[in-house]
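K.L.:
The sequence isn't on hand, but the structure is:
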């Protein structure tokens, strides 16, 4: 059985781009929503965690601090 691996990823990295595509495809597109440049820039304030199963991206979490 392959273990689920969770990794923190850097905003702007290749891994980050893959999570943006995952979020776009499964969360945004079905609702007719699109990321704006401002939303993606604001993601820099957040922490990004990616979940991998056998080196395949299967999920992600964005944690945004609240003032």
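P.N.:
Cool, the structure landed. This structure is a prediction, so every number in the text was calculated from the model and none was measured.
K.L.:
Show me the helices in the chain, by range?
P.N.:
14-23, 37-42 (DSSP state H).
K.L.:
How about the first one, which residues are buried there?
P.N.:
Of the residues in helix 14-23, those buried under the neighbour-count criterion (16 or more other Cβ atoms under 10 Å) are 15, 16, 19, 20, 22. In this view, the C-beta of every residue, glycine as well, is placed from N, C-alpha and C.
K.L.:
which one among those residues gets closest to residue 67?
P.N.:
Set against residue 67, the nearest of the buried residues of helix 14-23 by Cβ to Cβ is residue 16 (23.1 Å).
K.L.:
surely that closest one meets residue 49?
P.N.:
No - Residue 16 is beyond contact range of residue 49, at 11.0 Å (criterion: Cβ atoms under 8 Å).
K.L.:
who touches both of those two?
P.N.:
residue 9 (Cβ atoms under 8 Å, 6 or more residues apart in numbering).
K.L.:
State the pLDDT value of the most centrally placed residue in the chain.
P.N.:
Nearest to the mean C-alpha position of the chain, by Cα atoms, centre = their mean, lies residue 19 at 3.3 Å. Residue 19 carries a pLDDT value of 98.
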